[in-house]
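In: Show me the folded form of this:
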Amino acid sequence: MIIKIDRNGNVTNETVDEKEIYNNNLFNKEMVVFLLNDENQVLLQKRSSNKKFYPNTWSLCTGHIEKMESPIYAAKREMKEELGINIKLKNIIPFAIFDESNIHKIYFFYTRCNLKINEFVIQKEELSEVMWFDIDKVIDMIKNHSKQIVHKENRINLFKKLKDIY
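Out: Numbers count the residues shown, from 1 in each chain. As a prediction, this is how the structure comes out:
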């Protein structure tokens, strides 16, 4: 169940399932994590072919914030569920918050991770694979409106800022 938020971004006492959020364009909170390695690469995950939205496309680690859950705990939970990794809370760094069209409030985080691709244990219902990408390549994919990636031009500045961090 996912927390529903009102038009002002305030948490309501209502929870709804994910399908209802999307089908009815309801207000909700999400989190996104940029996993970075020492080679200035970002981990992208390929969404499973059975996903209703953006199947078989590359995305960052993303998820809805559940009832009574803070954004940072949601980030930790999603990385554990989708990638099989356990990142300490102190290593999950808040990065940005977006209010998009008064529909979504999105919390962005980043963390460092130097695992090899075969060391991730991916959640098969959600993902088909993961891969490290050079940040510049991701930016180019977005700029070129590649259908292979979920993210749009409004995310480019976040990817550019990540390059400055590392």
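
In: which strands and helices sit next to the helix ranked longest in the chain?
Out: As assigned by DSSP state H, the longest helix anywhere in the chain is helix 71-83. If you count contacts as 3 or more CB pairs under 8 Å, 6 or more residues apart in numbering; DSSP states H and E, helix 71-83 packs onto strand 28-36, strand 41-47, strand 61-64, strand 104-112. For glycine as for every other residue, the C-beta is placed from the backbone atoms N, C-alpha and C.

In: Pull the residues that contact that helix.
Out: 29, 31, 33, 35, 43, 45, 61-66, 69, 85-87, 89, 92, 94, 107, 109, 111, 120-123, 126-127, 130 (CB atoms under 8 Å, 6 or more residues apart in numbering).

In: Parallel or antiparallel, list what pairs with the helix or strand following that helix.
Out: Downstream of helix 71-83, the next assigned helix or strand under DSSP states H and E is strand 93-100. Paired neighbours of strand 93-100 in the sheet (DSSP bridges): strand 104-112 (antiparallel).

In: Tell me what angle the helix or strand just after the strand it pairs with forms with strand 28-36.
Out: Where DSSP H and E defines the elements, the next helix or strand beyond strand 104-112 is strand 127-134. Angle of strand 127-134 versus strand 28-36, following axes from the mean of the first three to the mean of the last three CA atoms, to 10 degrees, is 50 degrees.

In: Centroid-nearest residue for the protein?
Out: residue 62 (2.3 Å; CA atoms, centre = their mean).

In: Give me the pLDDT value at it.
Out: pLDDT, residue 62: 92.
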